[in-house]
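Undergrad: Structure here, sequence nowhere to be found:
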């Protein structure tokens, strides 16, 4: 696994950039890393790519 500083972190284009609630996501082979955009030094969440895809799909269905 790469260190957090070696990953390329991205935010959604839907983020306003005005300091609201937002996450950043980075991918590494078959892993997805998620962290708080306001506290990037804090340890984030790491999940498998398949689990992340299922989560995103489920939330898309829930939120329509």
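TA: Cool, got the structure. Predicted model, so just to flag it, every value in this text is computed and none were measured.
Undergrad: Reduced to three states, what does the most centrally placed residue in the chain come out as?
TA: Using CA atoms, centre = their mean, the residue of the chain that lies closest to the mean C-alpha position is residue 25, 2.6 Å off. Following DSSP: H, G, I helix; E, B strand; the rest coil, the label given to residue 25 is strand.
Undergrad: wait, isn't it in contact with residue 36?
TA: No: using CB atoms under 8 Å, residue 25 is not in contact with residue 36; the gap is 11.4 Å. Yep, even glycine has a C-beta here, placed from its N, CA and C like the rest.
Undergrad: Give me the pLDDT for the residue nearest to the centre of the chain.
TA: Turning to residue 25, the model gives it a pLDDT of 95.
Undergrad: can you check the one 4 residues further on too?
TA: Note for residue 29: predicted pLDDT of 88.
Undergrad: And for the one 3 residues further on?
TA: For residue 32, the model assigns a pLDDT of 97.
Undergrad: Check residue 42 too.
TA: On the pLDDT scale, residue 42 gets 92.
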